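Peer 1: next input, structure requested:
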Amino acid sequence: MAHTIDDLPLAHGRAGTRRVLRVHRFGTPGARPKAYIQAGLHADETPGHLVAQHLLAALKGLDAAGAVTGEVVLVPVANPIGLDQIVLQSLSGRFELATGVNFNRSYADLSGVVADAVRGRLCGDTAADVALVRQELRRAAEALPAATQADALRRALLTLALDADLMLDLHCDFDAVMHLYTAPGLWEGFRDLAARLGCEAAFLADQSGGHPFDEACSGVWWRLRERLGTDADALPVACAATTIELRGQLAVDDATAARDAAAILEHLRHRGMLAGDPGPAPAPRCGATPLAGVDRVAAPEAGIVLFRVALGDRVEPGQVVAEILEPESGIRHPCRARVAGPVWTRHLNRFVGAGEGVLSIAGTEPLAAPGTPLLTA
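Peer 2: Numbering: from 1, shown residues only. Next comes the predicted model:
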C-alpha cells in the first residue's frame with residue numbers, strides 16, 4: 001500500500017492557463033469499502049480545506065501502517081476554479097463568475113442513462129448488480145459533455161465519487177453550528193458521524209433542489225430503482241453521501257480542525273474503512289429534522305441586522321430573533337420565528353436588503369410545499 005497523488009488536468013482553461021485537480025489515494029486501488037472525501041467545492045468555505053489537511057497528514061501515517069482496509073480518496077481542493085476568483089480583493093468561490101452557476105448545483109442525474117445500460121442485465125445477486133451499476137455510473141460520468149472548465153470539474157468530481165461506499169463533502173455555512181445534510185434513508189448510518197462531530201442539527205431530504213453533489217452521488221440509486229421498478233433489497237443505495245457543514249466561514253483554527261478530522265477518521269473506523277476500534281460515539285447533541293422544516297427568517301426591510309438570539313439558542317414561535325434598523329429613519333422592524341427549534345445559522349452580513357435571510361431555525365414539521373427548492377442560492 002502506498003499513498004499516491006494524481007493531478008487531473010481540467011479541460012477548457014483560457015489560453016496560457018492550466019488548472020489541475022489534485023487527488024490523494026490511500027489503501028488498495030479498487031478495494032472495498034471505498035471512502036471519497038472532498039473539501040472546498042464552495043471555494044470560499046475555508047474550514048474544509050484545513051480539515052482536509054489534517055486528514056491528509058493522518059491518512060499518510062495510517063496508510064504507511066497498513067491501517068487503510070479499503071480505499072480512501074481525498075481531494076483537499078475540490079474547486080481550483082473558484083479558489084482563483086478574486087474580485088476586488090475578496091474571494092468569490094461559491095458561484096462560477098463566467099455563468100453565475102453555483103459550484104454545488106447542476107450535477108447530472110445519471111439514473112436514466114444507467115437504467116438503459118443495465119436493464120435486462122441485473123442477475124439478482126446484489127453484490128454483482130451493485131458492481132455492474134457502479135461500472136455503468138462511472139462510464140456515464142466519464143461520457144458527460146464538458147463545454148466549459150466548470151463542466152469539466154463537475155465531470156471529474158462525479159467520476160471520482162460515484163462508485164464510493166461513503167462520500168463526505170466538506171462545506172461550511174456563513175456563521176453556524178456544526179450540522180450536516182443527508183437523505184432520510186441514510187440517516188441511521190450517519191447518526192454515528194453526527195454524534196462524533198458534535199452536530200447540533202441534521203437535515204433530511206431526498207430532493208433538496210438544484211441537483212447538489214451529494215444527491216448526485218446517493219440519489220441516483222433510488223431514482224434508478226424507480227426507473228427499473230426494483231426494491232431496496234434487490235438494489236440498495238450503495239453510496240452513503242452527506243454534506244458536512246463545518247460551522248461558519250470564520251471557524252478556521254488548527255485545534256478545531258484536528259478534532260473534526262479525528263471524528264471523521266473515527267467514523268471511517270466505525271464503517272470498517274480503517275482498521276482499529278473507533279470506541280463508542282458520544283451522546284448525540286441533536287436528532288434529525290426535515291430540511292423542509294427550516295424557518296429561514298427574512299428581513300422585512302433593508303437595514304442593519306441586530307440579532308436578539310445566539311447560535312444554538314432554542315426559540316419559540318412568535319419570538320423576536322432579530323431586528324432590522326433603518327439607518328436613515330431609525331425605525332426598527334422585528335423579525336419573528338415561525339417555529340420552535342434551535343437557531344443553527346446566521347448571516348455574516350450585518351446590513352441586508354429586504355427579503356434577505358438573516359438566520360435559520362431547525363423546525364420539526366415541514367413548512368415548504370413539496371417540490372419547493374429547499375437550499376439557499
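Peer 1: could you pull out the strands for the stretch 151-300 of the chain?
Peer 2: Using DSSP state E, counting those that start in this stretch, the strands found in the stretch 151-300 of the chain span residues 166-173, 175-176, 179-182, 201-204, 240-248, 289-290, 294-298.
Peer 1: just put these in CSV and tack on distance to residue 71.
Peer 2: Where you see a C-beta, it was placed from the backbone N, CA and C, and this is true even at glycine. Formatted as CSV, the strands of the stretch 151-300 of the chain follow (distance: least, C-beta to C-beta, whole Å):
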stretch, distance to residue 71
strand 166-173, 11
strand 175-176, 31
strand 179-182, 22
strand 201-204, 27
strand 240-248, 15
strand 289-290, 33
strand 294-298, 35
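Peer 1: dump those strands to TSV, plus distance to residue 127, mean neighbour count and mean pLDDT.
Peer 2: Formatted as TSV, the strands of the stretch 151-300 of the chain follow (distance: least, C-beta to C-beta, whole Å; neighbours: other C-beta atoms under 10 Å; pLDDT from 0 to 100):
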stretch	distance to residue 127	mean neighbour count	mean pLDDT
strand 166-173	17	26	98
strand 175-176	39	21	98
strand 179-182	24	25	98
strand 201-204	28	25	98
strand 240-248	17	25	98
strand 289-290	33	20	98
strand 294-298	38	20	98
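Peer 1: nearest to residue 309, of those strands?
Peer 2: Residue 309 lies closest, by C-beta to C-beta, to one member of the strands of the stretch 151-300 of the chain: strand 294-298, at 10.0 Å.
Peer 1: the closest one packs against which elements?
Peer 2: strand 332-336, strand 357-362 (3 or more C-beta pairs under 8 Å, 6 or more residues apart in numbering; DSSP states H and E).
Peer 1: return the most buried member of the ones you listed.
Peer 2: strand 357-362 (a mean of 24; mean count of other C-beta atoms under 10 Å).
Peer 1: quick one: that strand to strand 332-336, angle?
Peer 2: 20 degrees (axes from the mean of the first three to the mean of the last three C-alpha atoms, to 10 degrees).
Peer 1: what's strand 357-362 packed up against?
Peer 2: Taking 3+ C-beta pairs under 8 Å, 6+ apart as the contact cut, strand 357-362 packs with strand 294-298, strand 303-307, strand 320-325, strand 341-346.
Peer 1: can you rerun that using 7 Å?
Peer 2: strand 294-298, strand 320-325, strand 341-346 (3 or more C-beta pairs under 7 Å, 6 or more residues apart in numbering; DSSP states H and E).
Peer 1: please save the CA atoms from it in CSV.
Peer 2: The C-alpha coordinates for strand 357-362 follow below in CSV (Å, rounded to 0.1, in the frame of the first residue of the first chain):
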residue,chain,number,x,y,z
GLY,A,357,-32.4,35.7,5.1
VAL,A,358,-30.8,36.7,8.4
LEU,A,359,-31.0,33.5,10.3
SER,A,360,-32.4,30.0,10.2
ILE,A,361,-34.2,27.8,12.7
ALA,A,362,-34.5,24.0,12.6
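Peer 1: residues in contact with it?
Peer 2: Strand 357-362 has contacts (C-beta atoms under 7 Å, 6 or more residues apart in numbering) with 201, 289, 293-299, 305, 315, 321-322, 335, 337, 339, 341-347, 352, 376.
Peer 1: for it, which strands pair with it and how are they oriented?
Peer 2: When pairing is defined by DSSP bridges, strand 357-362 lines up against strand 294-298 (antiparallel), strand 341-346 (antiparallel).
Peer 1: would you list those strands in a markdown table and tack on distance to residue 11?
Peer 2: Output for those, formatted as a markdown table (distance: least, C-beta to C-beta, whole Å):
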| stretch | distance to residue 11 |
| --- | --- |
| strand 294-298 | 37 |
| strand 341-346 | 36 |
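Peer 1: got the domain ranges for this structure?
Peer 2: Domain ranges of the chain: 4-287, 290-362, per automatic domain parsing.
Peer 1: tabulate those (CSV), appending distance to residue 369.
Peer 2: Converted to CSV, the domains of the chain look like this (distance: least, C-beta to C-beta, whole Å):
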stretch, distance to residue 369
domain 4-287, 12
domain 290-362, 8
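Peer 1: for these, which one sits closest to residue 370?
Peer 2: Per C-beta to C-beta, nearest to residue 370 of the domains of the chain: domain 290-362, 8.1 Å.
Peer 1: and the closest one, end to end?
Peer 2: 8 Å (C-alpha to C-alpha, to the nearest Å).
Peer 1: now that domain, how far from the centre of its chain.
Peer 2: 24 Å (C-alpha atoms, centre = their mean, to the nearest Å).
Peer 1: for residue 182, list the residues it contacts.
Peer 2: 190, 204, 241, 242.
Peer 1: now do the contacts for the last one.
Peer 2: So the one you mean is residue 242. Per C-beta under 7 Å, 6+ apart, neighbours of residue 242: 168, 180, 181, 182, 190, 214.
Peer 1: picking up where we left off before, need the helices and strands packed on strand 357-362 in TSV with distance to residue 162, can you?
Peer 2: Compiled in TSV, the helices and strands packed on strand 357-362 are given as follows (distance: least, C-beta to C-beta, whole Å):
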stretch	distance to residue 162
strand 294-298	28
strand 320-325	40
strand 341-346	29
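Peer 1: out of these, which gets nearest to residue 69?
Peer 2: strand 341-346 (34.4 Å).
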